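*Asks:* Need coordinates for the following:
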Amino acid sequence: MLGTTFVFSSGDNGVAGNGNACLTDSGDLSVNGTIFTPSFPSTCPYVLSVGATQVQEGASVTLANSEIACQLVILSGGGFSDNFALPEWQTTAVTSYLTNFPPPYTAAQYNNTGRSRGYPDISANGANYAVAIQGVFGLVANLAHGSAHSGLIALINDARIASGKSTVGFVNPALYSADFAGAFQDITEGGNAGCGTGGFSAESGWDPVTGLGTPNLAKLLPLFLALP
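*Replies:* Purely as a prediction, here's the structure:
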């Protein structure tokens, strides 16, 4: 497996950009804009973009379907790039979403050509993480879900090195392959509102809210160990 995986959070403002800003018809950024603002670098096909989920209030993390797209504290960034083409390894996933769950928006609001990079790729809890800074505990949300996946890849790399193999390299093509289809918790509830809309919706399979879903390390690890 060649290359390097760069991990980035998909954003915290749904289909809006930083500061919850969207584009206006004149091309300016404004909180009153109505044109979706895809977030770089997550729109780049050479990064692993990580969206945000949360466990439903009062639900157990061990229960099926307890996880939804993040609606608490932040909204999972997601959408379609205005600049980068749809990579080959993502074509089947994006085409399936647009065919089976066509978003109720026009080309005036987002790149609906079906030929552009979609994001995020995968997701992790993004609602609240308990952290300690100089002995003081607090809760953080933004960007933490990306860091969680960096740690997951590090664990996979450790296991591969221990078995005499190389590190994983660029993981995106593998994650979207048919062999890895059962290694994710599919998120099918919630959305990523912004720009005066409800945003996109989480659906079965890949979607521009939570990507392929949240990875299950116990299932991912043997799959990565089986690769050259």
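*Asks:* got the CA positions of stretch 188-206 in CSV?
*Replies:* Written as CSV, here are the backbone C-alpha positions of stretch 188-206 (Å, rounded to 0.1, in the frame of the first residue of the first chain):
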residue,chain,number,x,y,z
THR,A,188,-29.0,6.5,8.4
GLU,A,189,-30.5,9.3,10.6
GLY,A,190,-29.8,13.0,10.7
GLY,A,191,-28.6,15.7,8.4
ASN,A,192,-26.1,18.6,8.1
ALA,A,193,-28.3,21.7,7.9
GLY,A,194,-26.9,25.0,6.8
CYS,A,195,-27.3,27.9,4.3
GLY,A,196,-31.0,28.2,5.2
THR,A,197,-31.7,24.5,4.3
GLY,A,198,-31.8,21.1,6.0
GLY,A,199,-28.6,20.2,4.2
PHE,A,200,-28.1,16.6,3.0
SER,A,201,-29.5,13.6,4.7
ALA,A,202,-27.8,10.5,6.2
GLU,A,203,-28.9,7.5,4.2
SER,A,204,-28.1,3.8,3.7
GLY,A,205,-24.6,3.5,2.3
TRP,A,206,-22.3,6.4,1.7
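*Asks:* Pull out the buried residues from it.
*Replies:* 188-195, 197, 199-203, 205-206 (16 or more other C-beta atoms under 10 Å). Bear in mind the C-beta positions are built from the backbone N, C-alpha and C, glycine included.
*Asks:* Now do the same for that stretch: mean pLDDT, whole number.
*Replies:* Across stretch 188-206, pLDDT averages out at 96.
*Asks:* repeat for stretch 54-69
*Replies:* 78.
*Asks:* measure that stretch end to end?
*Replies:* 6 Å (C-alpha to C-alpha, to the nearest Å).
*Asks:* What about the residue lying closest to Thr43 once chain neighbours are set aside, how many residues nearby?
*Replies:* Excluding the flanking residues, the one nearest Thr43 by C-beta to C-beta, 6 or more residues apart in numbering is Ser81, at 3.7 Å. By the criterion of other C-beta atoms under 10 Å, Ser81 has 20 neighbours.
*Asks:* where does this protein have low pLDDT?
*Replies:* Low-confidence regions of the chain, defined by pLDDT under 70, span residues 1, 60-64, 141-144.
*Asks:* Can you give me the distance of the residue of it most remote from its centre to Tyr129?
*Replies:* Here the chain reaches farthest from its C-alpha mean at Gly135, the gap being 31.2 Å by C-alpha atoms, centre = their mean. Using C-beta to C-beta, to the nearest Å, Gly135 is found at 17 Å from Tyr129.
*Asks:* what do you get for Leu220?
*Replies:* Taking C-beta to C-beta, one finds Leu220 at 21 Å from Tyr129.
*Asks:* who has more neighbours, the two?
*Replies:* Set Leu220 next to Tyr129 and count neighbours by other C-beta under 10 Å: Leu220 wins out with 20 against 17.
*Asks:* Report all helices and strands that the biggest helix by length in the chain contacts.
*Replies:* Secondary structure of the chain per DSSP state H: the longest helix is helix 144-162. Helices and strands touching helix 144-162, by 3 or more C-beta pairs under 8 Å, 6 or more residues apart in numbering; DSSP states H and E, are strand 7-9, strand 48-55, strand 122-125, strand 129-133, helix 217-226.
*Asks:* Perfect, I'm done here.
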